[in-house]
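**Q** here are the coordinates; sequence isn't available:
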């Protein structure tokens, strides 16, 4: 009897000890979470303090005389203040970086902060800007077009007078929304790095790019000897229900949309093909054979942008859980380069001639096909979301494309402030 009681007591003690150990492990993790949260708050406060002081410096004549060699300069001028043991509480200000664009009035300041406590460290990189042109980090000015998918009405089909996306490059282009679906039309939606992104249902949503105040005139987007196309997108991994194989045009500058021999050979274009599970980057040359240079890059879609319920398309509000990807094409005197996420993935070389002259603007989200014998499937509608879509008048370098991708995706850009 005594032995049984002893075994029972030992067993209960072991169980109780196991419970205590488990609870202790769980409880001990709580302070870690609290510490990290506190470090983030402290780091943010110190960063704000550092940025305010940096802005004061950027407006100080004495400070600028010390660091700016000449008041009149062109291009971008950058310098960094580095510190040793600049401690504020648990934080250390490592450096402040100042960047000026063409004048003292156009600048941004960046702070680099580390905050540490009890073996935990949090780093923070934040920035503020005043009249600092965002596109200067992308390419030599001027760019041709840049749509940040802003200012699109909730129901553009109802407010036809304001269903356009302004061109932030300053070159007077605009993206005009076309199409409507009851559940999933192209409406403003919070993106990963801007307030809005454009939704494309894979059925009839697309954007036509035209010059402002000249919507009916034939237009050229300068697909000549040297240019670049850029966009960020999340491509739905399934595509439109029952039309999965019709995915999916991102950017399309038509050569001759009414010519059966040329309508599927864009002056320049980027699209995804479900048949070979690859991204296609193409430029049609202005030569005797209308040669189409095409780079084909294997690519796996991961985003789930839409769900289907009894044949009805429903937008996935958790789309933000899937990463953005960037896609870029550059063409320079017969050399086509294809980039995904800022990385060069393919190079195709042809004769040194210009691209086929573009006279019909740009279409985002489908192919621009005209004339008879065209089915709805031929348009290859895009299914997913897009943002930060542009064209530049030069072929960007590998470094410039990488910089564009990183600057848009960088956390500091999310906290970008322009006054």
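**A** Yep, it's here. The model shown is predicted, which means the values in this text are computed figures rather than measured ones.

**Q** in stretch 107-127, what's buried?
**A** By neighbour count with 16 or more other Cβ atoms under 10 Å, stretch 107-127 contains the buried residues 107-115, 122, 124, 126-127. Any C-beta I mention is one placed from the backbone N, CA and C, and that applies to glycine too.

**Q** now those residues as TSV including distance to residue 328, secondary structure and pLDDT?
**A** What follows is the buried residues of stretch 107-127, written out as TSV (distance: Cβ to Cβ, whole Å; DSSP: H, G, I helix; E, B strand; the rest coil; pLDDT from 0 to 100):
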residue	distance to residue 328	secondary structure	pLDDT
107	28	strand	80
108	24	strand	82
109	29	strand	86
110	25	strand	85
111	30	strand	88
112	28	strand	89
113	32	strand	90
114	33	strand	90
115	36	strand	90
122	33	strand	85
124	29	strand	86
126	27	strand	82
127	24	strand	79
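
**Q** what separates residue 347 from residue 207, distance-wise?
**A** 29 Å (Cβ to Cβ, to the nearest Å).

**Q** between those two, who's got more neighbours?
**A** Legend: neighbour count by other Cβ atoms under 10 Å for residue 347 and residue 207, higher for residue 207 (27 against 12).

**Q** Could you look up the SS state of the more buried one?
**A** Using DSSP: H, G, I helix; E, B strand; the rest coil, the three-state assignment for residue 207 comes out as strand.

**Q** can you pull the contacts of it?
**A** 147, 165, 175-178, 186, 198, 363-365 (Cβ atoms under 8 Å, 6 or more residues apart in numbering).

**Q** The spatially most central residue of the chain: what secondary structure?
**A** Geometric centre of the chain, nearest residue: residue 232, 4.2 Å, by Cα atoms, centre = their mean. Secondary structure, three-state DSSP: residue 232 is strand.

**Q** these two touch, right, it and residue 388?
**A** Yes. In terms of Cβ atoms under 8 Å, residue 232 counts as a neighbour of residue 388; the distance is 4.6 Å.

**Q** Run through the helices of the stretch 301-419 of the chain in chain order.
**A** Under the criterion DSSP state H, counting those that start in this stretch, the stretch 301-419 of the chain contains helices at 398-409, 411-414.

**Q** Export those helices as JSON lines, with columns for mean neighbour count.
**A** What follows is these, written out as JSON lines (neighbours: other Cβ atoms under 10 Å):
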{"stretch": "helix 398-409", "mean neighbour count": "19"}
{"stretch": "helix 411-414", "mean neighbour count": "14"}
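
**Q** Please state the offset of stretch 170-177 from the chain centre?
**A** 18 Å (Cα atoms, centre = their mean, to the nearest Å).

**Q** Please apply the same query to stretch 307-323.
**A** Averaging C-alpha positions (Cα atoms, centre = their mean) puts stretch 307-323 20 Å from its chain's average.

**Q** buried stuff in it?
**A** Under 16+ other Cβ under 10 Å, the buried positions of stretch 307-323 are 313, 315-316, 319, 322.

**Q** Between the two ends of that stretch, how far is it?
**A** Using Cα to Cα, to the nearest Å, the span of stretch 307-323 from its first residue to its last is 18 Å.

**Q** what's the answer for stretch 280-297, then?
**A** Stretch 280-297: ends 6 Å apart by Cα to Cα.

**Q** Show me what the mean pLDDT comes to for that stretch.
**A** Averaging pLDDT along stretch 280-297 gives 96.

**Q** Tell me which residues are up against it.
**A** Residues from elsewhere that reach stretch 280-297 (Cβ under 8 Å, 6+ apart): 223, 255, 261-262, 265-273, 276, 278-279, 327, 329, 331, 334, 336-338, 340, 345-351, 353-357.

**Q** how about a cut-off of 6 Å?
**A** Contacts to stretch 280-297, defined as Cβ atoms under 6 Å, 6 or more residues apart in numbering, come from residues 255, 265-271, 273, 278-279, 329, 331, 336, 338, 345-346, 348, 350, 353-356.

**Q** Can you spell out the domain ranges of this structure, please?
**A** 11-132, 138-398+410-414 (automatic domain parsing).

**Q** Out of the ones you listed, flag the one nearest residue 404.
**A** Proximity to residue 404 (Cβ to Cβ) singles out domain 138-398+410-414 among the domains of the chain, at 4.7 Å.

**Q** Show the contacting residues for residue 248.
**A** Counted by Cβ under 6 Å, 6+ apart, residue 248 has contacts 272, 382-383.

**Q** Please convert those to CSV, extending it with neighbour count.
**A** Shown next, in CSV, are the contacts of residue 248 (neighbours: other Cβ under 10 Å):
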residue, neighbour count
272, 24
382, 32
383, 29
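
**Q** most tightly surrounded among the domains of the chain?
**A** Comparing the domains of the chain by mean neighbour count (mean count of other Cβ atoms under 10 Å), domain 138-398+410-414 ranks first with a mean of 19.

**Q** How far does it sit from its chain's centre?
**A** With Cα atoms, centre = their mean as the basis, domain 138-398+410-414 stands 13 Å off its chain's centre.

**Q** Among the contacts of residue 207, give me the pair with the biggest separation.
**A** Once Cβ to Cβ is applied, the contacts of residue 207 give 147 and 178 as the farthest pair, at 14.3 Å.

**Q** ok, the helix or strand hosting residue 279: who's next to it in the sheet?
**A** Element membership of residue 279, judged by DSSP states H and E, is strand 278-284. Applying DSSP bridges, strand 278-284 is found paired with strand 268-273 (antiparallel), strand 292-298 (antiparallel).
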